[in-house]
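> coords please:
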Amino acid sequence: MKKRTLYILMSSIVVLTSIFFVAVYFLGLNNELEKVANIPDKNSEPVFDYLINGDFSNPLNKPMDVAKIGEFLYVTDTNNKQVQVFDVSGSTFFRFGKEGEGEGDFRFPYGIAGDEKENVYIADLYTGKISIFDSKGKFIKYFEEQDKNNKVIEAPAGLRITNNKLYVTDIKKSSVYIFSLDGKKELEISQGQNKDDRMAAPNAIALDDNKNIYVSDSGNQRVLKFDKEGKYLATINGSSDGNGQSTFVNPRGVGVDSRGILYVVNNLASSVSGFDKDGKKIFEFGTMGEENNQFYLPNGLNIDENGLIYITDTVNQRIAVYN
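Okay, here's the model as predicted:
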């Protein structure tokens, strides 16, 4: 009888132990499922993170564009005729440039981009020059077109550098130019669907992982999408098919994140819109104001390798950072 009781007791322990481990397993599995369920939707909008204002001794004054180059943020501080440089926490690191038309000077510093060597390219909308500096702000040279008898750049605005190619929007020429970094013009884009569908004051430019090109065609209140060869692919303006009434009011900065979501700065509406790969609007954030998640005439937009989004908030004199 004692043996039977002992056997029953041992069997019960084995059963209870088994139940315990099964429960632990499924509880852990359930926790994993909960984690998966809490993963942000693939089309979710970014969340406000922090602001970069510059220091009190030399605050930003009409920041127009921003680029993450190496470990630092470079901002065209347009009304101060300079470039301010910050670390990613927002602390001022250094600044360079002054008003003038000599080497290293600016009249209206606007678009900004960096190459693989972390050289900094600055477009001056008023002088028509693109200046190249090293990462510490030392002037190196002007970007020179190879065909000196048929130069095309007149009023450069937005800049992007990808795969050793320089992409330039020209507001006055209403065109986009693509150069090799040694100055050879490889492509010119100046129209949308056909020769009668001309761009008007294109402002910013961005590329996705497939090398498709997105241009904020500001004068026509739309964004145009092209393939890497410059072939027209689509019009994006907030309407269902891109042919209806535009929801943009002076679109400016554009960028594409790792999910393929296109961000468009809606300048006069003081907001930013997100579009999926089919050009469908999936979110919008920002209203006019001075609080967090508000803007006053935002302009430039840049997305870094970690997915952080930097937006120049011109009138509020700051950079808004989203994650």
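> quick one: end-to-end distance for stretch 134-146.
Counting by C-alpha to C-alpha, to the nearest Å, you get 22 Å between the two ends of stretch 134-146.
> give me the buried positions along that stretch.
135, 137, 139, 143, 145 (16 or more other C-beta atoms under 10 Å). Using the backbone N, CA and C atoms, a C-beta is placed for each residue, glycine as well.
> repeat for stretch 286-297
286, 294-297.
> narrow the residues you listed to those in strands?
Counting by DSSP state E, the buried residues of stretch 286-297 place 294-295 in strands.
> same list (the buried residues of stretch 286-297) but as a markdown table, adding pLDDT and distance to Asn250.
Below are those laid out as a markdown table (pLDDT from 0 to 100; distance: C-beta to C-beta, whole Å):
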| residue | pLDDT | distance to Asn250 |
| --- | --- | --- |
| Gly286 | 98 | 14 |
| Gln294 | 98 | 18 |
| Phe295 | 98 | 13 |
| Tyr296 | 98 | 14 |
| Leu297 | 98 | 9 |
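> tell me which of the buried residues of stretch 286-297 is nearest to Phe56?
Tyr296 (19.9 Å; C-beta to C-beta).
> SS state for the closest residue to the closest one other than its chain neighbours?
Spatial nearest neighbour of Tyr296, chain neighbours left out: Val315 (3.7 Å); criterion: C-beta to C-beta, 6 or more residues apart in numbering. For Val315, the assignment made with DSSP: H, G, I helix; E, B strand; the rest coil gives coil.
> for Val315, give its distance to Asn61.
10 Å (C-beta to C-beta, to the nearest Å).
> run through the stretch 1-150 of the chain and note the low-pLDDT ranges.
Applying pLDDT under 70 to the stretch 1-150 of the chain flags the ranges 1-41.
> and the helices in it?
For the stretch 1-150 of the chain, applying DSSP state H, counting those that start in this stretch gives helices covering 2-37.
> got the residue ranges for the strands in it?
Residue ranges of the strands in the stretch 1-150 of the chain, as given by DSSP state E, counting those that start in this stretch, are 48-52, 63-69, 72-77, 82-87, 92-96, 98-99, 105-106, 109-114, 120-124, 130-133, 139-142.
> distance to Gly274 added to those, as CSV?
Converted to CSV, those look like this (distance: least, C-beta to C-beta, whole Å):
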stretch, distance to Gly274
strand 48-52, 14
strand 63-69, 18
strand 72-77, 22
strand 82-87, 25
strand 92-96, 30
strand 98-99, 37
strand 105-106, 32
strand 109-114, 22
strand 120-124, 26
strand 130-133, 30
strand 139-142, 36
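> stretch 54-64: which residues count as buried?
54, 60, 62-64.
> can you redo the residues you listed as TSV with distance to Asp196?
Supplementary listing: the buried residues of stretch 54-64 in TSV, determined by distance: C-beta to C-beta, whole Å:
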residue	distance to Asp196
Gly54	45
Leu60	41
Lys62	36
Pro63	37
Met64	31
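> just the buried residues of stretch 286-297 now: which is nearest Glu101?
Leu297 (26.9 Å).
> ok, now how distant is that closest one from Gly289?
For Leu297 relative to Gly289 (C-beta to C-beta), the value is 12 Å.
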